[in-house]
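K.L.:
here's a sequence, model it:
(one chain, ligands or ions: 4)
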Amino acid sequence: AKRRGRGIIRLFDEAMDESIRFRRKIEGGLAQAIANDELRLVYQPIVERGDLEIVAFEALLRWDSPDYGTIPTGLFIPIAEESSLIHELGDWVLTQALEMLQRWPGQYVSVNFSPRQFRRQNFVAHVVERVQHAGIAPTRLQIEITETAIFDDAERAADTLYRLRQMGFRIALDDFGTGYSSLYNIRRFSLDCLKIDKSFIDGIGRERESAAIVQSIIHLARALGLEVVAEGVETPAQVQALRIAGCSHLQGYHLSRPLEAEDAAEMAQQRYMR
Ligand code: C2E
Ligand code: CA
Ligand code: CA
Ligand code: CA
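P.N.:
Ligands and ions are numbered 1, 2, ... in the order given. Sure thing, here's the model as predicted:
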């Protein structure tokens, strides 16, 4: 039993070591990614339910590493989030998105901000400074944050959101339904939009509970005067169900995959998804 115990400990140590080494590699690579021009943004349309008018694009970060190829964003963002690298990455993302907005008329871009960015001292002043520098109206930037960003220090987050919204920024609560928030306690936050997490959209047509959850999120969000975006819409059946449920906006592969900047600009010109 003793030997087995040691073996397990060693195995555990090795696994830890591997994962720490892996993290270090990713961190090291990311630290150089900006300077080496390995990052790019892709843009996924967000469309109105009725006429499929493209009202916005969500900016999504991509990293093409020369060593590892394209690394899944959901893998490197959490690593960046644990170091202060997220600030540098976030600034790069914001600058790029604002540059894109200088070239597109009449659209807003939705940008993801991680909890650590959002909680940074002077976050509001920082974002205001960036949009002013770029000559972009705050109404053309939507700030996407998750429940994690706001529920740890709800009072401070409520104040930050209030000030951002006073300045004219749009605010979206991302991945809604996966965290601890309820529709009851989001009342206190200044929001424009709820994004219903893909996991609930996936369940539409498969399990009764998901459809019921989606329906109740939509009802209550509308009662609070919020827009609702369904994330990860992949099938015509989901579109149909979401239309009937009264969901205001749709996003997902069924409408469009995330696009390279030039392709997104071209799509913005045509204004409607076919
Ligand atoms: P998210 O904000 O929830 O973004 C939606 C993710 O779902 C994106 O993955 C998008 O490409 C993907 N997606 C969209 N439609 C569909 C669909 O119909 N089916 C499927 N299977 N997936 C769909 P992506 O780009 O890999 O990003 C993953 C996560 O990484 C994002 O989740 C977000 O949390 C984070 N992220 C991405 N870009 C940024 C960024 O610039 N800054 C920060 N802080 N986080 C980012
Ligand atoms: Ca319209
Ligand atoms: Ca998002
Ligand atoms: Ca999301």
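K.L.:
all strands for the stretch 1-150 of the chain, in order.
P.N.:
Ranges of strands in the stretch 1-150 of the chain, per DSSP state E, counting those that start in this stretch, are 39-48, 54-65, 69-71, 108-112, 141-146.
K.L.:
what residues does the stretch 1-150 of the chain put near ligand 2?
P.N.:
Proximity of the stretch 1-150 of the chain to ligand 2, by C-beta under 5 Å from the ion, involves residues Glu48, Asp51, Glu53. All C-beta spots, glycine's among them, are computed from the backbone N, C-alpha and C.
K.L.:
can I get the residues you listed in CSV with pLDDT?
P.N.:
As requested, those are exported to CSV (pLDDT from 0 to 100):
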residue, pLDDT
Glu48, 96
Asp51, 94
Glu53, 95
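K.L.:
who wins for most neighbours among those?
P.N.:
Neighbour counts for these (other C-beta atoms under 10 Å) peak at Glu48, which has 16 neighbours.
K.L.:
poorly predicted segments of the stretch 151-274 of the chain, please.
P.N.:
Judged by pLDDT under 70, the stretch 151-274 of the chain has its weakly predicted residues at 181, 184.
K.L.:
who in the stretch 101-250 of the chain is up against ligand 1?
P.N.:
Contacts of the stretch 101-250 of the chain with ligand 1, taken as C-beta under 6 Å from any ligand atom, map to Asn112, Phe113, Ser114, Asp174, Asp175, Gly232, Val233, Glu234.
K.L.:
helices of the stretch 151-274 of the chain, start to end?
P.N.:
154-167, 198-203, 208-223, 236-245, 261-270 (DSSP state H, counting those that start in this stretch).
K.L.:
counting neighbours, what do you get for Ser216?
P.N.:
Counted with other C-beta under 10 Å, Ser216 comes out at 12.
K.L.:
now Leu98
P.N.:
Leu98 has 20 neighbours, counted by other C-beta under 10 Å.
K.L.:
how about the contacts made by Tyr272?
P.N.:
Counting by C-beta atoms under 8 Å, 6 or more residues apart in numbering, Tyr272 touches Asp51, Leu52, Glu53, Ile54.
K.L.:
could you give the bridge partners of it?
P.N.:
Beta bridges link Tyr272 to Glu53, judged by DSSP bridges.
K.L.:
fine, thanks again, bye for now.
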